[in-house]
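**Student:** here's a sequence, model it:
(one chain, ligands or ions: 2)
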Amino acid sequence: MASLTLVDLRETTGALRRDDLPGVALPVEGPRALVREIVQSVRTGGDGALADLTERFDGVRPRALVLGREAMAAAYERLDRRLAEALRVARDRVREAYEAERPAASSLVADGIEVRRRIVPVERAGCYVPGGQARYPSSVVHTATVARVAGVRDVVVATPPLPDGGLDDATLAACHLAGVDTVLLAGGAQAVAALAYGTESLERVDVIVGPGNLFVSLAKQEVAADVGVPGAFAGPSEVVVVADGSLEPRVAAIDVAVQAEHGPHGLAWLVTWDARWAEQVLEELAAYVEASPRRAQLESTLEAHGYLALVRDRDQARLVADAIAPEHLELLYDQAVRDADRVRHAGVVFVGRAASAAFGDYVAGPSHVLPTAGTARFASVLGLEDFQRRLHVVEVHDEALSRLGWAVEALADAEGLVAHADSIRIRREAGW
Ligand SMILES: NC(=O)c1ccc[n+]([C@@H]2O[C@H](COP(=O)([O-])OP(=O)(O)OC[C@H]3O[C@@H](n4cnc5c(N)ncnc54)[C@H](O)[C@@H]3O)[C@@H](O)[C@H]2O)c1
Ligand SMILES: [Zn+2]
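**Tutor:** Numbering: from 1, shown residues only. Ligands and ions are numbered 1, 2, ... in the order given. Sure, this is the predicted structure:
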């Protein structure tokens with residue numbers, strides 16, 4: 001029976017650090033060595049190695065390694081209309097959220113120097129779309145749509161093939177709606193390697209984004225020296241639910257379960273100051289897990305890393321959440337809105353009793369590609385900036401030579417860099 005491991009923090013005082021809490025370290029060493037081997041073999045073996053590895057890890061040889069726009073459009077035509085409409089709604093909500101965030105070009109003119117900041121999209125983006133324990137057409141929408149708003153020229157989606165060697169219509173239709181150019185039928189670390197280094201059938205990309213399991217996330221770290229990879233780990237899903245007796249126990253229970261149904265290596269915490277109510281939540285959770293068709297996935301996360309933290313009050317609950325730095329944080333008690341503005345470490349904070357993190361997975365607007373494994377301490381939700389570079393144009397007018405030239409000379413002299421100082425001096429001596 002799935003239950004949560006009790007962590008009683010009511011007597012704990014002082015600062016809480018992530019390492020003080022159980023279950024927050026991922027078992028990465030074994031997988032990391034395997035991932036390294038996989039990446040190397042695709043790098044040297046190309047298409048052939050990719051197909052072999054797909055057969056080894058996904059149990060099938062893909063019918064085609066890459067698919068183009070016609071296959072996506074055809075799948076969209078075949079798709080059930082309600083699902084097609086839901087995908088369109090999700091795409092529009094993501095698109096609008098990111099269009100509202102477009103960075104403005106900025107400029108500064110002072111002392112004869114004009115600095116303009118240009119925003120330049122990368123040319124090719126690879127979006128990883130998971131497909132092991134579940135299919136994720138939503139991840140197509142939550143990655144490729146952002147790339148398109150950012151102005152990326154070519155968008156490639158990589159996703160594992162189905163057991164029949166093909167791809168489901170929902171994923172392909174989502175590619176159609178999100179404006180994807182190419183689909184690579186491969187998953188896991190081997191797909192990340194193919195995106196990073198290219199193969200005979202696929203040109204390499206400039207950045208790789210998207211969520212995935214441990215192997216995918218470690219592979220992105222492995223190739224990060226050669227291709228752009230956001231700092232967010234975006235690995236197995238995590239949730240911290242903070243609630244009290246004002247919420248129905250079965251609602252709290254299901255929200256603890258939601259992110260656990262993605263599969264193993266996740267993290268699920270219920271944090272409360274209401275110990276008696278927590279017991280009711282545990283009963284509801286056990287009943288829910290037992291009846292769920294995704295019981296195996298739920299148990300894989302809850303049994304290993306499902307926790308009930310008993311705390312003194314709201315303030316301590318927030319400190320626990322900050323220490324965990326979870327992907328999703330739900331604050332579901334009265335007056336949570338005020339506390340939400342004080343949270344420092346989380347991928348996204350949901351507030352209000354209607355606020356199931358499932359909204360965020362699909363239609364809230366911000367991408368569901370979020371930092372996990374503690375990376376919410378320094379990394380963020382997938383953003384336009386993950387697909388864009390900042391490039392400064394520095395226009396120097398002659399006036400700058402008299403206004404600022406002396407400072408360059410003084411600093412260059414101090415560093416002993418003679419040519420640096422001379423480059424200003426000869427311009428000044430020319431009377432500019
Ligand atoms: N953080 C986020 O933003 C976010 C969002 C959505 C989903 N997720 C997470 O994405 C993950 C999706 O995982 P998934 O497994 O369903 O799909 P996936 O596509 O990420 O992983 C499946 C692939 O992993 C490879 N693989 C599986 N077992 C392997 C092994 N033992 N050795 C080597 N390679 C192996 C296979 O090639 C397979 O194609 C979940 O953990 C989910 O929580 C995270
Ligand atoms: Zn989810």
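
**Student:** only C-alpha atoms from now on, for both contacts and neighbour counts.
**Tutor:** OK.

**Student:** ok, the residue nearest to residue 381 when sequence neighbours are not counted - how many residues close by?
**Tutor:** Among residues not flanking residue 381 along the chain, residue 370 sits closest, at 4.5 Å (Cα to Cα, 6 or more residues apart in numbering). Counted by other Cα atoms under 10 Å, the residues lying close to residue 370 total 27.

**Student:** and residue 370, that's in a strand?
**Tutor:** No. Counting by DSSP: H, G, I helix; E, B strand; the rest coil, residue 370 is not found in a strand; it is coil.

**Student:** how near is it to residue 47?
**Tutor:** Distance, residue 370 to residue 47, using Cα to Cα, to the nearest Å: 30 Å.

**Student:** also residue 131?
**Tutor:** In terms of Cα to Cα, residue 131 sits 20 Å off from residue 47.

**Student:** which one's more surrounded, the two?
**Tutor:** More neighbours surround residue 131 than the other of residue 131 and residue 47, with 23 against 18 (other Cα under 10 Å).

**Student:** and that one, what is it in contact with?
**Tutor:** 159-161, 187 (Cα atoms under 8 Å, 6 or more residues apart in numbering).

**Student:** got TSV for these, with secondary structure and pLDDT too?
**Tutor:** Below are the contacts of residue 131 laid out as TSV (DSSP: H, G, I helix; E, B strand; the rest coil; pLDDT from 0 to 100):
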residue	secondary structure	pLDDT
159	strand	98
160	coil	98
161	coil	97
187	coil	98
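
**Student:** and the furthest pair within those?
**Tutor:** Greatest spatial distance among the contacts of residue 131 (Cα to Cα): 161 and 187, at 7.4 Å.

**Student:** in contact with residue 260, which residues?
**Tutor:** Residue 260 sits next to 237-238, 266-268, 297-302 when contact means Cα under 8 Å, 6+ apart.

**Student:** swap in 7 Å and give it another go.
**Tutor:** Contacts for residue 260 (Cα atoms under 7 Å, 6 or more residues apart in numbering) come out as 237, 266, 268, 297-298, 301-302.

**Student:** quick one: contacts of stretch 389-398?
**Tutor:** Here stretch 389-398 has contacts from 112-122, 432, using Cα under 7 Å, 6+ apart.

**Student:** inside strands: which ones of the residues you listed?
**Tutor:** Judged by DSSP state E, the contacts of stretch 389-398 include 113-121 as members of strands.

**Student:** for ligand 1, state which of the contacts of residue 131 is nearest.
**Tutor:** residue 187 (3.9 Å; Cα to the nearest ligand atom).

**Student:** wait, the closest one sits on residue 167?
**Tutor:** No. Using Cα atoms under 7 Å, residue 187 is not in contact with residue 167, being 11.9 Å away.

**Student:** and the two? Which one has more around it.
**Tutor:** residue 187 (27 against 23).

**Student:** nearest residue to the more buried one in space, please, no chain neighbours.
**Tutor:** Of all residues not flanking residue 187 in the chain, residue 160 sits nearest, at 3.9 Å (Cα to Cα, 6+ apart).

**Student:** near ligand 1, which residues of the stretch 151-300 of the chain are found?
**Tutor:** 160, 187-188, 211-213, 215-216, 234-237, 262-263 (Cα under 6 Å from any ligand atom).

**Student:** all strands for the stretch 51-200 of the chain, in order.
**Tutor:** Using DSSP state E, counting those that start in this stretch, the strands of the stretch 51-200 of the chain run over 66-67, 106-110, 113-121, 124-128, 154-159, 182-185.

**Student:** what strand or helix carries the nearest residue to residue 245 once chain neighbours are set aside?
**Tutor:** Leaving aside its chain neighbours, residue 245 sits nearest to residue 277 (5.7 Å; criterion: Cα to Cα, 6+ apart). Taking DSSP states H and E as the definition, one finds residue 277 inside helix 275-291.

**Student:** list of residues touching that helix?
**Tutor:** 1-3, 245, 249-250, 252-254, 295, 298, 310.

**Student:** can you name every helix or strand that the longest helix seen in the chain contacts?
**Tutor:** Identified as the longest helix of the chain according to DSSP state H is helix 29-58. The elements that helix 29-58 packs onto, with contact taken as 3 or more Cα pairs under 7 Å, 6 or more residues apart in numbering; DSSP states H and E, are helix 188-197, helix 214-223.

**Student:** so how far is it off the chain centroid?
**Tutor:** The chain centroid and the centroid of helix 29-58 are separated by 23 Å, computed with Cα atoms, centre = their mean, to the nearest Å.

**Student:** how about the residues of the stretch 301-432 of the chain that lie near ligand 1?
**Tutor:** 368-372.

**Student:** what angle separates the helix or strand that contains residue 412 from strand 106-110?
**Tutor:** Assigned by DSSP H and E, residue 412 belongs to helix 399-415. On the basis of axes from the mean of the first three to the mean of the last three Cα atoms, to 10 degrees, helix 399-415 is oriented at 90 degrees to strand 106-110.

**Student:** residues contacting the closest residue to ligand 1 within the stretch 251-400 of the chain?
**Tutor:** In the stretch 251-400 of the chain, the residue that lies nearest ligand 1 is residue 369 (3.2 Å; Cα to the nearest ligand atom). Residues in contact with residue 369 (Cα under 7 Å, 6+ apart) are 142, 210-211, 234, 381-382.

**Student:** widest-spaced pair of those residues?
**Tutor:** Longest span within those, Cα to Cα: 142 and 234, 12.5 Å.

**Student:** pull up the distance across stretch 308-319, start to finish.
**Tutor:** 15 Å.

**Student:** so what touches it?
**Tutor:** 4-10, 16, 242, 269-273, 275, 343.

**Student:** from those residues, which would you call buried?
**Tutor:** 4-5, 9, 16, 242, 269-273, 275, 343 (16 or more other Cα atoms under 10 Å).

**Student:** take those residues and keep only those in strands.
**Tutor:** Short answer: the buried ones among the contacts of stretch 308-319 in strands (DSSP E) are 5, 242, 269-272.
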